[in-house]
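Trainee: predicted model and sequence below, questions to follow.
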Amino acid sequence: MIIYKNLNIHKKHRHSVIAIGNFDGIHLGHQKVLKHARQKAKKKKLKFGLVTFEPIPVMFFNNKIKSHRINNIHQKKSYLKKLNLDFLIIINFNKSFSKLSAKEFIKKIIFMKLNSKYVFVSKNFKFGNKRLGNIKTLKNYEKNYSYKVIITPPLKKSKKIISSTLIRRNILKGNFGRVKNLLGRNWCVEGEVIKGLQRGRKMGFPTCNLKLNNYIVPRLGVYSVIVKTNSFKRRGIANIGYRPTFQGRNLLLEVNIFGINVNLYKKIIKVEFTKFIRAEKFFKGITQLKQQIEKDIIIAKK
């Protein structure tokens, strides 16, 4: 998969089948769209690519939205690579790009830069300045700019349309069984291990600490997790919260990995969430906290 960070793409990737959207999460609904697009490309003997935006537009327009993402950009690239795309275009969503009208987006990007033959989008796709462009707009210009719009019917589970919004809602509730059913895999936070105050180590439960950065923040509390690095995969227990027993002020993800005690400081780890155990709570002292952690670990190992 070739990755472009601008719209100056190789001529072999022009005249292609493209999908356009945020694709946050690359959930089962997204995968259905991309599968249909890939099948169309194969049938027509064309290349197949995806156009996405960084940052996610809603985060660009509202700087108060800090915790929103289901995946970081590295994960998005990794998941898309597994779906056999020929190319990925990551458009820098900035002030000048946001001012493009819907018609300019079609003319300058879909036609002049990409010269796309088939354009796959979701039925609620909005684009252009003030999000005034929609499916109808795209269809109106099909003949002028020699492309065909294709809308893949949304995928449903339990009578609900799978969407990034639905997944975020379930992450907020800590409902990770449901999240897995919608994503097709466990929800995963990926990040660099940072130095902590080593309170866990002193209590006999060493932890890897990660900042959540732009990830959506799940229900605060304790979770059963799976931890992956380049060298191992282990089960563990994680706490997301502010550590009220220690008057903590900064949100942190702390992970205790079962059966391993190595220094992972500055290493990249992946933490997959499998089950909510309990809400974060205040303890009167270290002894109470240790007793509760021991109980939590027994639950997490089941």
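Mentor: Perfect, thanks for sending it.

Trainee: just the CA trace of stretch 265-273, in PDB.
Mentor: Provided in PDB are the C-alpha atoms of stretch 265-273 (Å, rounded to 0.1, in the frame of the first residue of the first chain):
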ATOM      1  CA  TYR A 265       9.900   2.500  29.500                       C
ATOM      2  CA  LYS A 266       9.700   4.400  26.100                       C
ATOM      3  CA  LYS A 267       8.600   1.200  24.300                       C
ATOM      4  CA  ILE A 268       5.400   1.100  22.200                       C
ATOM      5  CA  ILE A 269       2.800  -1.200  23.600                       C
ATOM      6  CA  LYS A 270      -0.800  -2.100  22.500                       C
ATOM      7  CA  VAL A 271      -3.500  -2.500  25.100                       C
ATOM      8  CA  GLU A 272      -6.700  -4.400  24.000                       C
ATOM      9  CA  PHE A 273      -9.700  -3.900  26.300                       C
END
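
Trainee: burial count for the closest residue in space to Gln292 that isn't next to it in sequence?
Mentor: Spatial nearest neighbour of Gln292, excluding adjacent residues (C-beta to C-beta, 6 or more residues apart in numbering): Phe283 at 6.7 Å. In short, each C-beta sits where N, CA and C put it, glycine included. Using other C-beta atoms under 10 Å, Phe283 is surrounded by 15 other residues.

Trainee: which stretch of helix or strand covers Phe283?
Mentor: Assigned by DSSP states H and E, Phe283 belongs to neither a helix nor a strand.

Trainee: ok, now how distant is the residue lying closest to Pro57 once chain neighbours are set aside from Lys139?
Mentor: Counting by C-beta to C-beta, 6+ apart, Pro57 lies nearest to Phe93, which is 5.4 Å off, once chain neighbours are set aside. To Lys139, Phe93 is 24 Å away according to C-beta to C-beta, to the nearest Å.

Trainee: ok, now which ones touch the spatially most central residue of the chain?
Mentor: Note on the chain: the residue nearest the mean C-alpha position is Asn71, at 1.9 Å, using C-alpha atoms, centre = their mean. Taking C-beta atoms under 8 Å, 6 or more residues apart in numbering, we find Asn71 in contact with Asp24, Gly25, Ile26, Tyr79, Cys188.

Trainee: whichever strand or helix holds Met59 packs against which elements?
Mentor: Taking DSSP H and E as the definition, Met59 sits inside helix 57-61. Counting contacts by 3 or more C-beta pairs under 8 Å, 6 or more residues apart in numbering; DSSP states H and E, helix 57-61 packs against helix 95-98.

Trainee: make it 10 Å
Mentor: Where contact means 3 or more C-beta pairs under 10 Å, 6 or more residues apart in numbering; DSSP states H and E, helix 57-61 is packed against strand 48-54, helix 95-98.

Trainee: got CSV for these, with mean neighbour count and mean pLDDT too?
Mentor: Putting those into CSV (neighbours: other C-beta atoms under 10 Å; pLDDT from 0 to 100) gives the following:
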stretch, mean neighbour count, mean pLDDT
strand 48-54, 22, 97
helix 95-98, 11, 94
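
Trainee: helices of this structure, start to end?
Mentor: Listed in chain order, the helices of the chain (DSSP state H) span 28-44, 57-61, 73-82, 95-98, 102-104, 135-140, 142-145, 164-173, 176-183, 199-203, 286-301.

Trainee: next, the angle helix 164-173 makes with the first one.
Mentor: Note on geometry: by axes from the mean of the first three to the mean of the last three C-alpha atoms, to 10 degrees, helix 28-44 and helix 164-173 are set 150 degrees apart in direction.
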